[in-house]
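Visitor: Sequence below, structure please.
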Amino acid sequence: MPVMAAGGAAEATRFLIWGGNGWVAGHLESILRGQGKEVYSTTVRMEDREAVKAELDRVKPSHVLNCAGCTGRPNVDWCEDHKEKTIRSNVIGTLNLADCCYLAGIHCTVFATGCIYHYDDDHPIGGPGFKETDPANFTGSFYSETKGHVEEVIKYYTNCLILRLRMPVSDDLHPRNFVTKISKYERVVDIPNSNTILTDLLPASILMAEHKDTGVYNFTNPGAISHNEVLELFRAIVRPGFTWKNFSVEEQAKVIKAGRSNCLLDTTKLERKLSEYGYAVPEIHEAYRQCFERMKVAGVK
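Guide: Okay, here's the model as predicted:
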């Protein structure tokens with residue numbers, strides 16, 4: 001049942017979260033309920049056009065938050081062996097949901113990925129970040145390839161807000177948390193990357209949706225942080241005595257099926273937009289420190 005506003009009246013906005021059983025979807029639902037917003041969730045398959053239309057007609061949302069999609073279990077290597085399923089979800093499904101929302105006059109926020117880039121000569125490590133207008137240059141994984149292709153089409157829908165997350169991090173050690181993943185690896189590469197701290201950015205996504213912003217945004221904390229820097233902060237604040245080992249990208253390639261994106265995303269456009277609403281996002285090193293401090297207070301180990 002939807003949460004009602006104070007006094008028993010429903011809010012003017014009604015949110016429908018697609019991919020309702022997902023990790024990010026759960027965080028969004030919790031935030032929206034905490035704000036007293038009317039919110040529903042669904043697990044209807046995005047590629048099933050008649051089912052999508054029926055769900056939109058049943059709920060009649062003002063806003064759809066699309067957290068659905070195929071990332072693979074336990075990781076994106078799964079997509080290499082399940083290409084048709086990945087296409088149905090990440091391409092056909094994403095476009096179908098956006099199109100149905102467009103026809104129904106519904107704003108649609110798509111939680112996309114920034115893992116469509118990789119450092120190159122124009123964007124070296126320590127150099128300028130990739131802007132929203134830069135063409136995707138990473139096709140090392142089938143997952144990233146599908147995401148790059150669909151964004152090139154969906155960005156033309158005038159009802160869509162496309163938010164590019166990267167290596168998302170929550171305030172707990174959920175299995176989907178980037179920190180949880182790298183803390184369990186026997187060895188990690190040490191390359192600076194853009195990351196998305198969910199506590200900082202998910203409330204911003206709701207704010208942008210409510211303002212009916214559209215277009216593509218790099219949706220990460222400003223700056224880049226290396227895997228070693230993350231784990232050093234993790235050890236200092238959350239898990240004293242924690243140890244790990246490094247290996248090279250070349251060594252990593254021998255134990256994974258698909259390549260991994262490593263890049264810095266330019267957040268100038270996002271920061272400028274959020275400043276209009278009086279909302280600021282902390283730089284990634286400070287954001288991680290705050291995240292781990294929240295973990296420590298909560299007793300996470």
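Visitor: Hmm, residue 87 and residue 47 touching each other?
Guide: No - between residue 47 and residue 87 there is no contact under C-beta atoms under 8 Å: 9.2 Å. For the C-beta atoms, the positions are set from N, CA and C on the backbone; glycine is no exception.
Visitor: What separation is there between residue 184 and residue 45?
Guide: Distance, residue 184 to residue 45, using C-beta to C-beta, to the nearest Å: 31 Å.
Visitor: scratch that, residue 222
Guide: Per C-beta to C-beta, residue 222 is found 36 Å from residue 45.
Visitor: next one: residue 90
Guide: 12 Å.
Visitor: now the strands for the chain?
Guide: Assigned by DSSP state E, the chain shows strands spanning 14-18, 38-42, 63-66, 107-113, 160-165, 187-188, 215-218, 245-246.
Visitor: So which of these is nearest residue 82?
Guide: strand 107-113 (17.4 Å; C-beta to C-beta).
Visitor: in its sheet, what does that closest one sit against?
Guide: In the sheet, strand 107-113 lines up against strand 63-66 (parallel), strand 160-165 (parallel) (DSSP bridges).
Visitor: residues making contact with that strand?
Guide: If you take C-beta atoms under 8 Å, 6 or more residues apart in numbering as the criterion, strand 107-113 is touched by 24, 62-67, 69, 94, 97-98, 101-102, 144, 147, 151, 154, 157, 159-166, 205, 208-209, 212, 214, 216, 219.
Visitor: Drop anything exposed from the residues you listed.
Guide: Among the contacts of strand 107-113, the ones that count as buried by 16 or more other C-beta atoms under 10 Å are 24, 62-67, 69, 94, 97-98, 101, 144, 147, 151, 154, 157, 159-166, 205, 208-209, 214, 216, 219.
Visitor: Buried residues in the helix or strand of the chain with the lowest mean pLDDT, which are they?
Guide: The weakest-scoring helix or strand in the chain, judged by mean pLDDT, DSSP states H and E, is helix 249-253 (a mean of 74). Within helix 249-253, the residues scored as buried using 16+ other C-beta under 10 Å are residue 252.
Visitor: would you put the C-alpha positions of it in PDB?
Guide: Included here for helix 249-253 are C-alpha records, laid out as PDB according to Å, rounded to 0.1, in the frame of the first residue of the first chain:
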ATOM      1  CA  VAL A 249      44.800  -5.400 -15.300                       C
ATOM      2  CA  GLU A 250      46.600  -8.000 -17.500                       C
ATOM      3  CA  GLU A 251      46.600 -10.500 -14.600                       C
ATOM      4  CA  GLN A 252      43.000  -9.700 -13.900                       C
ATOM      5  CA  ALA A 253      42.100 -10.400 -17.500                       C
END
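Visitor: With neighbour numbers in mind, choose between residue 184 and residue 45.
Guide: residue 45 (16 against 11; other C-beta atoms under 10 Å).
Visitor: so residue 213 makes contact with residue 163?
Guide: No - with contact defined as C-beta under 8 Å, residue 213 does not reach residue 163; the gap is 9.6 Å.
Visitor: Quick one: residues contacting residue 301.
Guide: Residue 301 neighbours (C-beta under 8 Å, 6+ apart): 238, 239.
Visitor: Next, the distance between the ends of stretch 262-281.
Guide: Distance between the two ends of stretch 262-281: 21 Å, counting by C-alpha to C-alpha, to the nearest Å.
Visitor: I misspoke; the intended subject was stretch 112-122.
Guide: Per C-alpha to C-alpha, stretch 112-122 runs 24 Å from first to last residue.
Visitor: what's the spacing between residue 216 and residue 293?
Guide: Taking C-beta to C-beta, one finds residue 216 at 32 Å from residue 293.
Visitor: Also residue 65?
Guide: 28 Å.
Visitor: Likewise for residue 44?
Guide: From residue 44 over to residue 293 (counting by C-beta to C-beta), the distance is 39 Å.
Visitor: burial count for residue 107?
Guide: 23.
Visitor: same deal with the one 3 residues further on?
Guide: Using other C-beta under 10 Å, residue 110 is surrounded by 26 other residues.
Visitor: Need the per-residue pLDDT for it.
Guide: Reported pLDDT at residue 110 in the predicted model: 98.
Visitor: For it, give the beta-bridge partners.
Guide: Beta-bridge partners of residue 110, as defined by DSSP bridges: residue 66, residue 162.
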